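compute the structure for the input listed below.
(2 chains)
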Amino acid sequence: MSSEGLQRGYAILKEQIDAPTASYLSSCVNCGMCAEACLFFTETGDPRYTPIHKVEPLKKVWRHEYTFWGRLSKALGLSKPVTDEELAAWSPLVYDGCSMCGRCSVVCPVGNDITYMIRKVREGLAAAGHAPEGLVAATRRAITVGSPMGVKLPALQAQIRHVEQDTGLSVPVDVENADYMLLLSSMEIMNFPEFIAAVTRIFDRTEVSWTISSEAFEATNSGIQIGVSDLAAELVQRVVTAAEKLNVKYVISPECGHAYMAIRWEGPNLIGRPYGFRVVHILELLDELREQGRLKLQGKETDRLTYHDPCQIGRRGGILEQPRNLLRAISDDLVELPGGGMMNWCCGAGGGVSSNERADEIRLRAFNRKKSQLDQIQVDGLVSACSNCRIHIEEGLEHNHIDLPVLSLTELIEKHLAD
Amino acid sequence: MKPGLTVGETLRAHGVTRRGFLKYCAAITSLMALPPSSLKAVAAALEAARRPSVIWLSFQECTGCTESLTRSADATIEELIFNAISLDYHHTLQAASGAAAEAAREQAMHENYGNYLLIVDGSIPIADAGYSTIAGISNRDMLLETAAGAAAIVSVGTCAAFGGIPAARPNPTGAVPVSELITDKPIINVPGCPPIPVVITGVLVQYLTFGLPDLDAQGRPLAFYGQSIHDRCYRRPFYDKGLFADSFDDEGAKKGWCLYKLGCRGPTTYNACATAKWNNGTSFPIESGHPCLGCSEPDFWDTGSFYHALSTPTEAIGEAAVYAAGGGLLIGAAVGAVHQRHKRKAIESHRKVSLDDIDEGAAK
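Purely as a prediction, here's the structure:
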């Protein structure tokens, strides 16, 4: 790789180091608890996947640039700086072997947000040209076409026409001054259009004023996944511009984990200002409508169900109670996955792992954890609220020859709308 | 006492029953943390061990170590074991005096040269030979001369092992431990002020039966000094719960809570007090409500008040601490400012990362 790429990556790592990072790196006690919390370590037993080890390049730059002894030894030529080979060697660790699930940050006894730092390592590796091919291609499509899967407006319009035919309802597009603007992930448009139908029916019944923007309907943010803040900011800005143009009060993040992380938590920091609207997750909104008595539900599921918390929505997003409130309203036989909720194990394909063909093998290995958990609780159906989790869990189940329906919570709620 | 006898024969000559002997062996075996199954081996080895010739030298000491061993409430088997060795010279205990006593030492050295065991209590003054002499011979000369023919040396008590009270600041006599003067012989340190009697004889038994014991970094036999007082203290559960006595007469003290805050050195002191106990197994200091002083550790006499908790400074550091903190703040602020500037420059020189940048390497 070119030394120009290394220079670029090094400069980015250098500017990524902030006060929290410096305090995290200096307070690590090498206890190794993060290893046991990491899916990729527990399922492979390979110590290279120890979360704190994944931030080694960042740690090296920190020592070199921001510590007294590091700078002294650098000035005396005693320490070697990060090399391009090192950055390349870390690429599989931070892109294939990390789903940004955040379990390591939760278990760290000294409170280090390791996931936050791995996200920063990705910034440096991407700038140096060491991001995996699949993620780069997805990011290119997101920036140039508008969607990581290459979904264009006509495709959405075609799905909307189908939904309108199926439901007999109209799907509002570009309606100014609506209360809510709905974002969709490409996967929902292409693989799970039932989600659009479900939302349309629910919002019709609960009389929610909503719209979809033809200019910014994509919820996902490849810039966040690959770790390029400049590109992530551009993608966030598109949504912000469209929402402020339509003058909506809220933007709804759909059933997609990292999309919520991007628009709700990272977005304002990326564009450097507060939004003129608020962001809610679809589950937050549905539970709020239920609480207000606007969303009336009837009938109960007869199957024994469990809920898989998508990492970015549950652990890292704080939406843990809402899905359970909703599910308890329609099910009397809800069981938790072992450690479900705050410490739920990741499906194994979040954080860009699913867009990265290089990680195909390891993500199926990582799925073994979910498989053994499902073996323990013996359910008839698994409900989740992230298209990416659903696709990967379905693939993992198929790979293991297990027949288990994987359901969308929003779609399930829609089935129980009271007449 | 005839030197040719075994330990077993000697004990029987003193009327010790087989039962009493085995009881003692069992106690020593458990104290050495050996499995019960090795009791037989210990008993057999001890029974058959030849009584070694022992020379006991006392230098700058208070005789407390000898008292500890010989002034037990009853005539204990420890004492008999002690008698079972061929103690050829001990100027506190021997009847002879003057030239006759020195002649006994020289004879024992001559007859058993290279094989006798040398026990030392007390530290050795090296500032001036006149500080402590025996029969006109300086402590240092006597030690060097006697150690030359010894098979091994046992430094009994903290003075012989680490210098002890005579070596406390300002150490006017230039007191040093045995290990500072003798480097070419195996030295077993049995510190304590005084050491527990059963530990002293235990070390002798271990030496007689198994040879030189395994030692820790301070030269102490691991079998007796392997665990801290704190780890085996019956008040440890209170420490773990954070229940401490804050003074000697408060509620916590009455309830028998942990004495850490009153200066207990248990956590940094390695000895068998909490398990072997004192006065024929009656108790140890913490049981009578007093913190451990750490008497079996080097420099225990110079680490500040015994009544300051371990983590509090042992010296008056008031002014120095203020300057150090102030200096630290200044240096911290200066280094911080440099890093801040460095960081600001890094952010200012940010060049936007483009699609082509990230694509560069990924194509390969």
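
spell out which parts of the stretch 151-300 of chain A neighbour chain B.
Contact residues (C-beta under 8 Å from any C-beta of the partner chain) of the stretch 151-300 of chain A with chain B: A:226, A:228-231. Every residue, glycine included, has its C-beta placed from N, CA and C.

mind checking the SS state of the closest residue to chain A within the stretch 1-150 of chain B?
In the stretch 1-150 of chain B, the residue that lies nearest chain A is B:Ala33 (29.8 Å; C-beta to the nearest C-beta). Assigned with DSSP: H, G, I helix; E, B strand; the rest coil, B:Ala33 falls in the coil class.

from the residues of the stretch 151-300 of chain A next to chain B, which land in helices?
Of the positions in these, A:226, A:229-231 sit in helices, assigned by DSSP state H.

now rank those by neighbours and give me the top one.
A:Ile226 (30 neighbours; other C-beta atoms under 10 Å in any protein chain shown).

right, and that residue touches A:Ala127 too?
No - using C-beta atoms under 8 Å, A:Ile226 is not in contact with A:Ala127, being 10.1 Å away.

mutual contacts of the two, please.
Common neighbours of A:Ile226 and A:Ala127, counting by C-beta atoms under 8 Å, 6 or more residues apart in numbering or on different chains, are B:Ile358.

circling back to that earlier point, ok, so of the ones in helices among the residues of the stretch 151-300 of chain A next to chain B, who is nearest chain B?
Of these, the one sitting nearest to chain B (C-beta to the nearest C-beta) turns out to be A:Asp230, at 4.7 Å.

I figured the closest one hits B:Arg351, correct?
No - counting by C-beta under 8 Å, A:Asp230 stays clear of B:Arg351, with 9.3 Å between them.

can you count the residues close to the residue of chain A found nearest chain B?
For chain A and chain B, the shortest gap (C-beta to the nearest C-beta) falls at A:Gly129, measuring 2.8 Å. A:Gly129 is flanked by 27 other residues according to other C-beta under 10 Å.

same deal with the one 5 residues further on?
Residue neighbour count, defined by other C-beta under 10 Å, stands at 21 for A:Gly134.

quick one: residues contacting it.
Contacts here follow C-beta under 8 Å, 6+ apart; on that basis A:Gly134 touches A:355-358.

what parts of the stretch 201-350 of chain B come near chain A?
Checking the stretch 201-350 of chain B against chain A by C-beta under 8 Å from any C-beta, the hits are B:335, B:339, B:342-343, B:346-347, B:349-350.

if we use 10 Å, what do you get?
Residues of the stretch 201-350 of chain B found near chain A, taking C-beta under 10 Å from any C-beta of the partner chain as the criterion, are B:331, B:335-336, B:338-340, B:342-350.

list only buried entries from those residues.
B:339, B:343, B:346 (16 or more other C-beta atoms under 10 Å in any protein chain shown).

give me the subset of those lying in helices.
With helices taken from DSSP H, the overlap with those comprises B:339, B:343, B:346.

just those residues now: which is nearest chain A?
Nearest to chain A among these, counting by C-beta to the nearest C-beta, is B:Ala346 at 4.0 Å.

confidence score at A:Glu244?
pLDDT for A:Glu244: 96.

neighbours of it, how many?
Neighbourhood size, A:Glu244 [other C-beta under 10 Å]: 14.

tell me the phi and psi of it?
Here is the backbone geometry of A:Glu244 (degrees, to the nearest 10): phi -70, psi -30.

just the closest of the buried ones among the residues of the stretch 201-350 of chain B next to chain A to A:Gly102, please.
If you rank these by distance to A:Gly102 using C-beta to C-beta, B:Lys343 comes first, at 25.7 Å.

show the pLDDT at the closest one.
Note on B:Lys343: pLDDT of 91.

between the ones in helices among the residues of the stretch 151-300 of chain A next to chain B, which sits nearest B:Pro172?
Distance to B:Pro172, by C-beta to C-beta, is smallest for A:Ser229 among those, at 70.0 Å.

residues contacting that closest one?
A:12, A:15-16, A:119-120, A:123, A:126-127, A:223, A:236, A:266, A:269-270, B:350, B:352-353 (C-beta atoms under 10 Å, 6 or more residues apart in numbering or on different chains).

and for A:Trp265?
Taking C-beta under 10 Å, 6+ apart, we find A:Trp265 in contact with A:224, A:279, A:312, A:316-318.

could you dump the residues you listed into TSV and include pLDDT, secondary structure and neighbour count?
Shown next, in TSV, are these (pLDDT from 0 to 100; DSSP: H, G, I helix; E, B strand; the rest coil; neighbours: other C-beta atoms under 10 Å in any protein chain shown):
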residue	pLDDT	secondary structure	neighbour count
A:Ile224	95	helix	30
A:Val279	97	strand	20
A:Gln312	96	coil	31
A:Arg316	95	coil	22
A:Gly317	95	coil	21
A:Gly318	95	coil	14
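
return the subset of the contacts of A:Ser229 lying in strands.
Assignment to strands by DSSP state E places none of the contacts of A:Ser229 there.

of the residues you listed, which is the most crowded?
A:Ala126 (33 neighbours).

and it, how far is that from A:Arg8?
Applying C-beta to C-beta, to the nearest Å, one obtains 10 Å for the distance of A:Ala126 from A:Arg8.

show me where chain A has strands.
In chain A, the strands defined using DSSP E lie at A:180-182, A:210-211, A:250-253, A:278-281, A:305-308, A:334-335, A:381-384, A:406-408.

oh sorry, the question was meant for chain B
Ranges of strands within chain B are B:53-58, B:86-90, B:116-121, B:124-125, B:133-134, B:137-138, B:150-156, B:175-176, B:187-190, based on DSSP E.

weakest of these in terms of mean pLDDT?
Among these, strand B:86-90 scores lowest, at a mean of 80.

against which helices or strands is that one packed?
Judged by 3 or more C-beta pairs under 10 Å, 6 or more residues apart in numbering or on different chains; DSSP states H and E, strand B:86-90 is in contact with strand B:53-58, helix B:98-111, strand B:116-121.

tell me what angle the second one forms with strand B:53-58.
Read that as helix B:98-111. For helix B:98-111 against strand B:53-58, the angle by axes from the mean of the first three to the mean of the last three C-alpha atoms, to 10 degrees is 140 degrees.

mind listing what's buried in helix B:98-111?
The neighbour-count check on helix B:98-111 (16+ other C-beta under 10 Å) flags B:101-102, B:104-105, B:108-109 as buried.

pLDDT averaged over that helix - what is it?
Helix B:98-111 carries an average pLDDT of 88.

list the contacts of that helix.
B:3, B:53-57, B:86-91, B:94-96, B:116, B:118, B:134-137, B:142, B:145-146, B:148-150.

picking that back up, closest to chain A out of the residues of the stretch 201-350 of chain B next to chain A?
B:Ala346 (4.0 Å).

residues in contact with the residue lying closest to that closest one once chain neighbours are set aside?
The shortest distance from B:Ala346 to any non-neighbouring residue, by C-beta to C-beta, 6 or more residues apart in numbering or on different chains, is to A:Glu15 (4.0 Å). By C-beta under 10 Å, 6+ apart, A:Glu15 lies in contact with A:61, A:65, A:120, A:123-124, A:229, B:343-350.

change it to 8 Å
Residues near A:Glu15 by C-beta under 8 Å, 6+ apart: B:343, B:346-347, B:349-350.

would you point out the helix or strand in chain B whose mean pLDDT is lowest?
In chain B, the helix or strand scored least confidently by mean pLDDT, DSSP states H and E is helix B:77-84, which has a mean of 62.
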